[in-house]
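> task: produce atomic coordinates for the following.
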Amino acid sequence: MPDLFETPRLLIQRLRYEDASEIFYTYASKPEATRYLSWATHEVIADTRQFLQYARAAWQAGTDFSYSIRVKESGRLVGSIGVVNDSGKAHFGYVFGPLHWGKGYATETCRKLLEVLRANPDVYRIGTFVDAENIASAKVLYKCGLTEEAHLVKWYRFVNQGNQPKDCVLFKLPM
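Sure, this is the predicted structure:
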């Protein structure tokens, strides 16, 4: 995966340890932003720093590639996107700070990431899943050309939703 790629409005670059406070205050500490994520809302900035240590090691291992998303014009951090590499099966997810919802950043970022993944000859499958109640993310995925592969009943326990099994929708990108 490249360290950096961009869209007309956004700069998407490898997460850096120096981003910790921006990540914490933009989205990682916001329950409304982390509700549908697989990781717990960060209570203190040390949680964010610990994640960044993991992200660095996972990048070096070639298993997980995490990026910051910044508005080019201002340099402001608005969110993050990541790809887990499971031997050529790519699974991705994203999060944006609540102040940056509804501006098209998720669609713009996902489209570019999918372009990068499609160009990688080692990637044979691209997909993700969302909580069936996460209508906004499902809309983004449809706009980006993903299709619903399955509706999975009580399939995943989201830590920020009381760890109760939730229905999920599995998406794939037709290759």
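> all contacts plus neighbour counts: C-alpha atoms, from now on.
Fine.
> let me see the contact set for the residue located most distally from the centre of the chain.
Distance from the centre of the chain peaks at V153, with 22.4 Å (C-alpha atoms, centre = their mean). Contacts for V153 (C-alpha atoms under 8 Å, 6 or more residues apart in numbering) come out as K166, D167, C168.
> next, it: secondary structure please.
Put simply, V153 is strand when judged by DSSP: H, G, I helix; E, B strand; the rest coil.
> ok, back up a step: out of the contacts of V153, which comes closest to R14?
The closest of those to R14 turns out to be C168 (C-alpha to C-alpha; 28.4 Å).
> neighbours of that closest one, how many?
20 (other C-alpha atoms under 10 Å).
> that one contacts F129, doesn't it?
Yes: using C-alpha atoms under 8 Å, C168 is in contact with F129, at 6.5 Å.
> point out where the chain drops to low pLDDT.
Across the chain, nothing is flagged by pLDDT under 70.
> try 90 this time
The chain contains residues with pLDDT under 90 at 175.
> for it, just list every one of the helices.
Secondary structure of the chain by DSSP state H: the helices cover 20-23, 31-34, 45-61, 105-118, 135-143.
> got the end-to-end distance for stretch 120-134?
End-to-end distance for stretch 120-134: 29 Å, by C-alpha to C-alpha, to the nearest Å.
> hang on, the earlier thing: of the contacts of V153, which belong to strands?
K166, D167, C168 (DSSP state E).
> in JSON lines, list those residues along with distance to E6.
Shown next, in JSON lines, are the ones in strands among the contacts of V153 (distance: C-alpha to C-alpha, whole Å):
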{"residue": "K166", "distance to E6": "34"}
{"residue": "D167", "distance to E6": "33"}
{"residue": "C168", "distance to E6": "30"}
